[in-house]
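Student: Predicted model follows, preceded by the sequence.
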Amino acid sequence: MIVMKFGGTSVEDATAIRRLTSIVRSQHHRQPVVAVSAMGKTTNGLLECARLAASGDLTAAREKLETIAAHHFKTADQLALAEDKDSLRQALGNRFDEIRATLEQIKQAGEVTPRLSDAMSANGELLSSPVVAAALRADGMKGVWVDVRPLMRTNDDFTRAVVQFELANPKLKEGFTAALTDGGVPVTQGFIGSTAEGVTTTIGRGGSDYSASIIGAALDADEIQIWTDVDGILTTDPRIVSEAAKVKTISFAEASELAYFGAKVLHPSTLLPAMAKEIPVCVRNSRRPQNEGTAIVRTAPPSSALVKAIAFKRGISVINIASDRMLMAYGFLARLFDVFARHETPVDMVATSEVSVSVTLDDTRNLDPVLADLQAFGEVSVERDQALICLVGEKLKFTPGVASRIFSSIEQVNVSMISHGASAINVSFIVADRDVEQAVKSLHREFFSQLDMATFEAPAVAQASA
Ligand code: ADP
Ligand code: ASP
Ligand code: MG
C-alpha cells in the first residue's frame, strides 16, 4: 500500500479535489491511503474565529465562520453524487454546530487556551476529509472516511502534541487495514490526533506531512507521497528565488536537514518515521502530476553538485551568555542547557568560545523564564529578528574551500555563528532577518547558475512569484 498526502492548496476547491481524485485513480492499484490537510486557508481562518471569540466579538467570529462554511458546502455540492449529498451536508452541518459551540466556550473563557485552540484548528481536516471521500466515490472509487483521532494517540501537550507511537502504531495498522479491505480507499486527516481520554489534539502547524509519514511507517507502506503546490524539493524557496530548480533525488539526511532548517515543503519531523523503516518518500506537484517530483531515498546517486539546496528560517532569536566562569569549568554547558530543557525550548544552533556561548531559538514562547534562569550563568543578551541560513549537500563534507565560496558570495552581509554541522552535510550561519532575502538570492546565484542536469531540473514555468 502507499500513503498519498495532499496539502491545503491541493484540496482548496472543487477543481483541486477533482485533480486529486484523478491522481488517486491513477494509483488505485497500489492500495492508497489518502491523508488530507484542511482546505486552503481554513486552519488560519478557524484560528482567527477563535481569536475574535476570545476578544468577545462573537458576531465577527460567527460571520467569519459562515464564509468558511459556505465554501465547504459549495465544494461538497459541486463534487458529491446526488445520493451522497444529504448525508455529506448533514455531516458538515453537525461539524459547524460543534464549532459554533466551541466558539461560545472560547468567548466564555475569554482566551484561546491551547486545548481550545486545538478544538478549533482540528476542524479544518475534519471538514475537508469527508468532502474528499465523497469526491472519490463520485469518481467511481470506494472512498471511506476514517476518523484518525482514535488511532493517532498523542499526549496532551495541546498545539504540539507528541505521538505515542507504541499505542498509535497498532491502532493505525488495524484501523487502516480494515478500511482498505474490499478495495476501500481510506481518506483521513493529517495534523490531528487525540489523547487517551479522547480529547482532540494537533501535532503542530504543517504537521500533515508528519502524519502521513507516521501512517506510512505504521502500515509498512511501499511509498509515502507528499502532494503539494511545487514540483518537489527545490533548490530554495521559490517565493524568494522564482527560478529555483527541482532537485531530482535527495537523501533522507539531506532532506531532513532542509526540513529542519526551514524548508516549509516538509514539516521538520516528516522523514523520521519513513527513515526508520526505509520507506521512500516523494514530493510531487498536484497541479503537474506528469512531473515525477523529488525522490527522497536512503542514498542519493552521486552528484557533482556541491550544494543541493538552501533553506532558511526567519524570525529567530540569538541568545548570548558571556561568563568567565566558563574558563576550564566542567559541567558548565550541561547546567546551561538544562535551562532550555526545563523550559521545553529547543535550541537550533550553538557556538561557543572560551568565555561565551551563543544559541539560536526558533520557539520563543518561554523566552522570559529562560532568560531569567540564564542570568545565573553570566551576562545575557538577546538579538531578535535574526535568520538562519543553511546550505545542504553531501559533497560539502569533502570539498575544501567551500566556506570561502559561500562567504565571499555574500560579503556585503554581516554573518555570525557559522556552523559546519556535525553531520558535515550542512553549513549554517546567522544573518539579520532583513538581509536574508538578499543573501539567499546571492547564494543561489553562486551555486545554481550552472545546473548539473543529472541532479536538477530547471522549472518549466517560474514556480511562484518572487
Ligand atoms: P502544503 O499545503 O502542500 O503542505 P506548504 O505551503 O506547506 O504546502 O509547502 C509548500 C511550499 O513550501 C511551497 O509553495 C514553497 O513556497 C515552500 N518552500 C520552501 N522551501 C522550499 C523548497 N526548498 N522546495 C520547495 N518548496 C519550498
Ligand atoms: N492544516 C494544518 C496547518 O495549516 C496542517 C497542515 O496543513 O499540514 O498547519
Ligand atoms: Mg505543509
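Tutor: Thanks, I have the structure now. Ligands and ions are numbered 1, 2, ... in the order given.
Student: Can you pull the phi and psi angles for the nearest residue to residue 187 once chain neighbours are set aside?
Tutor: Among residues not flanking residue 187 along the chain, residue 133 sits closest, at 4.0 Å (C-beta to C-beta, 6 or more residues apart in numbering). For the C-beta atoms, the positions are set from N, CA and C on the backbone; glycine is no exception. Backbone geometry at residue 133, expressed as degrees, to the nearest 10, gives phi -60, psi -40.
Student: Contacts only, for residue 133.
Tutor: With contact set as C-beta atoms under 8 Å, 6 or more residues apart in numbering, residue 133 has these partners: 143-145, 187.
Student: does residue 314 really touch residue 437, like I thought?
Tutor: No. Residue 314 lies out of contact with residue 437 (C-beta atoms under 8 Å); the separation is 9.5 Å.
Student: So which of those two has more stuff around it?
Tutor: residue 437 (17 against 14; other C-beta atoms under 10 Å).
Student: can you tell me the helix or strand for that one?
Tutor: Take DSSP states H and E as the rule and residue 437 turns out to sit in helix 436-448.
Student: Other residues contacting that helix?
Tutor: 235-237, 240-241, 244-245, 305-307, 310, 312, 314, 387, 389, 391, 405-406, 409-410, 412-413, 431, 456.
Student: number of nearby residues for residue 182?
Tutor: With neighbours defined by other C-beta under 10 Å, the count for residue 182 comes to 7.
Student: Spatially nearest residue to it (excluding sequence neighbours)?
Tutor: Nearest to residue 182 is residue 142, by C-beta to C-beta, 6+ apart, at 7.2 Å.
Student: Now do the contacts for the one you found.
Tutor: By C-beta under 8 Å, 6+ apart, the neighbours of residue 142 are 136, 182-185.
Student: rerun at 10 Å
Tutor: 28, 133, 136, 179-186 (C-beta atoms under 10 Å, 6 or more residues apart in numbering).
Student: ok, of those residues, which come out buried?
Tutor: Neighbour counting over the contacts of residue 142 (16 or more other C-beta atoms under 10 Å) leaves 133, 136, 179-180, 184-186 as the buried ones.
Student: From the contacts of helix 436-448, keep the buried residues only.
Tutor: 235-237, 240-241, 244-245, 305-307, 310, 312, 387, 389, 391, 406, 409-410, 413, 431, 456.
Student: In helices, which of those residues appear?
Tutor: Secondary structure from DSSP state H places 406, 409 of the buried ones among the contacts of helix 436-448 in helices.
Student: Quote the end-to-end distance of stretch 200-214.
Tutor: By C-alpha to C-alpha, to the nearest Å, the extent of stretch 200-214 from end to end equals 18 Å.
Student: Over to stretch 136-145?
Tutor: Stretch 136-145 end-to-end distance (C-alpha to C-alpha) = 10 Å.
Student: same check, this time on stretch 281-296
Tutor: Using C-alpha to C-alpha, the end-to-end distance of stretch 281-296 comes out at 5 Å.
Student: touching ligand 1 at all, it?
Tutor: No. Stretch 281-296 lies apart from ligand 1 when judged by C-beta under 6 Å from any ligand atom; the minimum separation is 7.4 Å.
Student: State the number of residues packed around the residue nearest to residue 220 when sequence neighbours are not counted.
Tutor: The shortest distance from residue 220 to any non-neighbouring residue, by C-beta to C-beta, 6+ apart, is to residue 277 (6.5 Å). If you count neighbours by other C-beta under 10 Å, residue 277 ends up with 14.
Student: show me what contacts the closest residue to ligand 3 within the stretch 101-250 of the chain?
Tutor: For the stretch 101-250 of the chain and ligand 3, the shortest gap (C-beta to the ion) falls at residue 206, measuring 4.3 Å. By C-beta under 10 Å, 6+ apart, residue 206 lies in contact with 7-8, 37, 43, 190-191, 259, 264-270.
Student: Out of the residues you listed, list just those in strands.
Tutor: Per DSSP state E, strands hold no members of the contacts of residue 206.
Student: Just the buried residues of those residues.
Tutor: Here, 16+ other C-beta under 10 Å leaves 7-8, 37, 43, 190-191, 259, 264-270 buried among the contacts of residue 206.
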